[in-house]
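In: Okay, here's the prediction I keep looking at, along with the sequence it came from:
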Amino acid sequence: MNAKAQLAQDYVESTNTTVFLTGKAGTGKTTLLQQVKQETKKKMAVVAPTGVAAINAGGMTIHSFFQIPFGPLIPGGNARPEMHYSPEKKELLYNLELLVIDEVSMVRPDVLDHIDLILRNVKESTHPFGGVQLLLIGDLSQLSPIIREEEWAMLGKYYSNPYFFASQVLQKMAYVRIELDHVYRQKEQSFVDLLNEVRNQSISAQNLMMLNDRLQPDFRPTAEDPYITLTTHNSIANKINSEYLEALYGEVSEFKAIIRGDFPKDAYPTETDLALKVGAQVMFVKNDSSIEKLYYNGKIGTVTRIEENTVYVQCGFENKELAVEAQEWSNIKYKLEDEQISETNAGSFAQIPLKLAWAITIHKSQGLTFDKAIIDVSEAFAHGQAYVALSRCRTLSGIVLRNPISAQNIIGDPAVIRFNEQVHRLQTDADRLEIDRQHYAAYLLSELFNFSGLTNRIDGFEKLLPGLESKVFSVAQKSMRQLKLNEPERVKKAAVYFFIELKQAAESLHTQLPHLIGTSKEGAAKADHLLQWIMTRISLMEYFSKEDFDVNAYLNAKKDALAAKSSYSYVKALNAKPNEKLYEQILEWRERKAGNEKLMPNGILSERAAATIAEKLPATIKALGAIKGVGSQKANQYGPELILMIRTYGNEQSGLGKDQVSLF
């Protein structure tokens, strides 16, 4: 890992400073994102502005994750956009520590301000984004936000430009910019220099001439020469692909996608009805997940034969054919389970991972790499289009221009130029990192004595906790202003005080809650949130009444406290599941099945559905399919195994052997 990438990784792991990670095309931004996902210990979520970008990043769209509308979001006022969230959603966001926004160059400023508002409200914090760290990944020289004139007529009153960095929250807070500068995609220094000039909208006459030397207006590649055409408009790309496909001899083979659950149309990675012929030029739209890594997203090849559910593709001058079968994409959603933010599979899209590739739009090429491309940016209409198209290619010799490029086709945005001229104030280094680490430690200390999380849990239980306002909230506010990292004894004394007060509150709740709640599941759930919060904080106070405070100690103590909190549960007692043994067996089966099918367990069966199956003991596949959360498709797919488990369990309860029949 190079020094800049390591600096970004250190910021993510040891601070909560917002990081804008940028860099030229091909400098490894996506690779770093994948490393963060694998290595971070923080509770994180990944979002992106479009469906395709979200699927590629392995996350959700911003609008889906935060449940926000697509229209302009006017800042200011006392709005509570999170009021309609479910308790589960609020709890997930309350526990969120790291939010990654990929392709941030396409995010509007009002969207970022809305995220800030939601997280501050949910976390009940005055810190920007409620104290959540943001990792913003993208290149401002690439594609920009899409805002219609009527939308900008409203938003232009609040923002100087349509980019994320114009958001009110970023104007007020400190954040850092880290630019990856080692180009992995292109190896020719002259081509790298040319791309830098296009990126900066300052191309020299000499480099423009060198670029236009690639002009071949009537160029038509042979079938053995896999060029892809990058064009500005979707209609042009579709027309080229249709004409080439129709010109091929032979019959069309159609492959239908299998779509399960929730998978948005704008995120489909290829056609739902994929029409192919032998001789068709295609592009892989997924990385090969096998150990051989035979293909990657963006690799070009030619269909050599088609047999039932397998398409054979040969790439360039490689000798062997690749046997390509249907692959599955997952629509990720996030869920809080055992105090960890886990990914769940909300839906899937299964299809042959290919699409016709004589032509695609520049917009859809972002993030891809090509060896050979025919480029036409003569009708470029947006900032960054020329740079995105040219930077997809590994070499200048792999480019053919359909029309000449003029300086006017290299469209820049003055707002981006001005921002880039001022980036020195956002630069960082090892010294600034150490300062930001200290700020993070101070933030965590304030979080230890921040009791605002009680306010949304105490509603309805105030009479059981008299004096909490004066003994806890008021004292905590004073303590947060006075406590310092270099005064460990004062921190310990404060922890002792709050340990005693919270322990008394917990004892009061333990004594009186059963009489207050009775058998009300709703009341028990509210009591759970309150009691578990208090018990978690008691555990932390007890620990830091004896130990010195530091970042690692706090994070480890918090992790241990959260792991133990589910033991303080009224809901567990009220919700004792019928046929608990069968329920556990179904969950074990679900884990094995998910591992075999490379899915998240919830993609097989939710815990609620498993509990209902254990309770109702369906005897037929039809009865199984009628259970909410199962449905006919899953019942047919998994029914035989589940029905056998149910019958075996029933026989065991009846005292019968496995091979004996029980009519229950």
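Out: Received the coordinates, thanks.
In: which helices and strands does the helix ranked longest in the chain pack with?
Out: In the chain, taking DSSP state H as the definition, the longest helix is helix 488-517. Contact here means 3 or more C-beta pairs under 8 Å, 6 or more residues apart in numbering; DSSP states H and E; on that basis helix 488-517 packs against helix 474-482, helix 521-544, helix 570-574. C-beta coordinates here come from the backbone N, C-alpha and C atoms, glycine included.
In: Which positions within it qualify as buried?
Out: Using 16 or more other C-beta atoms under 10 Å as the test for burial, helix 488-517 gives 491-492, 494-495, 497-499, 501-502, 505-506, 509, 513, 517.
In: Between those, which sits nearest residue 249?
Out: For those, the closest approach to residue 249 (C-beta to C-beta) belongs to residue 517, at 75.0 Å.
In: ok so, going back, dump the helices and strands packed on helix 488-517 into TSV; add distance to residue 647 as well.
Out: Formatted as TSV, the helices and strands packed on helix 488-517 follow (distance: least, C-beta to C-beta, whole Å):
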stretch	distance to residue 647
helix 474-482	57
helix 521-544	31
helix 570-574	29
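In: Mean neighbour count, those: which tops it?
Out: Of all these, helix 521-544 carries the top mean neighbour count, a mean of 20, counting by mean count of other C-beta atoms under 10 Å.
In: and that one with helix 488-517, angle?
Out: Angle, helix 521-544 to helix 488-517, by axes from the mean of the first three to the mean of the last three C-alpha atoms, to 10 degrees: 160 degrees.
In: average pLDDT across helix 521-544?
Out: Mean pLDDT, helix 521-544: 81.
In: What lies in contact with the next helix-or-strand element following that helix?
Out: Sequence-wise, the next helix or strand downstream of helix 521-544 (DSSP states H and E) is helix 551-564. Around helix 551-564, the neighbours that count as contacts under C-beta atoms under 8 Å, 6 or more residues apart in numbering are 14, 41, 338-339, 437, 440-441, 444-445, 448, 535-537, 539-540, 543-544, 547.
In: could you check the angle helix 521-544 makes with helix 551-564?
Out: With the same axes, to 10 degrees applied, the angle from helix 551-564 to helix 521-544 works out at 150 degrees.
In: average pLDDT across helix 551-564?
Out: Across helix 551-564, pLDDT averages out at 84.
In: next one: stretch 21-31
Out: Here stretch 21-31 scores 84 as its mean pLDDT.
In: Could you work out the end-to-end span of it for me?
Out: Terminal residues of stretch 21-31 lie 12 Å apart, using C-alpha to C-alpha, to the nearest Å.
In: and what of stretch 20-37?
Out: Distance between the two ends of stretch 20-37: 17 Å, counting by C-alpha to C-alpha.
In: follow-up on the earlier one: so which of the helices and strands packed on helix 488-517 comes closest to residue 621?
Out: Residue 621 sits nearest to helix 521-544 of all the helices and strands packed on helix 488-517, at 30.8 Å, using C-beta to C-beta.
In: elements contacting that closest one?
Out: Here helix 521-544 touches helix 488-517, helix 551-564, helix 570-574, going by 3+ C-beta pairs under 8 Å, 6+ apart.
In: Which of those helices comes out lowest on mean pLDDT?
Out: Lowest mean pLDDT within the helices and strands packed on helix 521-544: helix 570-574, at a mean of 51.
In: May I ask which helix or strand of this structure has the lowest mean pLDDT?
Out: Within the chain, confidence by mean pLDDT, DSSP states H and E is lowest for helix 570-574 among all helices and strands, at a mean of 51.
In: And the next helix or strand past it?
Out: Next along from helix 570-574, by DSSP H and E: helix 580-597.
In: mind checking how far the helix or strand following that next one is from the chain centre?
Out: For helix 580-597, the following helix or strand on the C-terminal side (DSSP H and E) is helix 601-604. Here the centre of helix 601-604 is set off from its chain's centre by 18 Å, with C-alpha atoms, centre = their mean, to the nearest Å.
In: Touching helix 601-604 from outside, list them.
Out: 261, 330, 335, 344-345, 348, 587, 590-591, 593-594, 597, 634, 638.
In: low-scoring pLDDT stretches of the stretch 101-250 of the chain, where are they?
Out: Scanning the stretch 101-250 of the chain for pLDDT under 70 picks out 223.
In: where along it do the helices fall?
Out: Secondary structure of the stretch 101-250 of the chain (DSSP state H, counting those that start in this stretch): helices at 109-123, 149-155, 168-172, 189-199, 205-212, 234-247.
In: deepest of these, which one?
Out: Among the helices of the stretch 101-250 of the chain, helix 109-123 has the highest mean neighbour count (mean count of other C-beta under 10 Å), at a mean of 23.
In: Show me the contact partners of it.
Out: When contacts are defined by C-beta under 8 Å, 6+ apart, helix 109-123 is touched by residues 49, 62, 66, 68, 72-75, 79-82, 85, 90, 93-94, 96, 99, 125-132, 155, 158-159, 161-170.
In: try 6 Å this time
Out: Residues from elsewhere that reach helix 109-123 (C-beta atoms under 6 Å, 6 or more residues apart in numbering): 66, 68, 73, 75, 80-82, 90, 93-94, 129-130, 132, 155, 159, 164, 166-169.
In: Thought residue 158 was touching residue 166, still the case?
Out: No - shown here, residue 166 and residue 158 do not form a contact pair, counting by C-beta atoms under 6 Å, at 9.0 Å.
In: Pull up the gap between the residue nearest to residue 197 when sequence neighbours are not counted and residue 180, please.
Out: In this structure, residue 197 finds its nearest non-sequential neighbour in residue 203, 4.3 Å apart by C-beta to C-beta, 6 or more residues apart in numbering. As judged by C-beta to C-beta, to the nearest Å, residue 203 and residue 180 stand 22 Å apart.
In: try residue 536
Out: Distance of residue 536 to residue 180, computed by C-beta to C-beta: 39 Å.
In: next one: residue 433
Out: Remark: distance between residue 433 and residue 180 (C-beta to C-beta) = 16 Å.
In: Just want to know which of those two has more residues nearby.
Out: The neighbour count for residue 433 versus residue 180, taken as other C-beta atoms under 10 Å, is higher for residue 180 (23 against 16).
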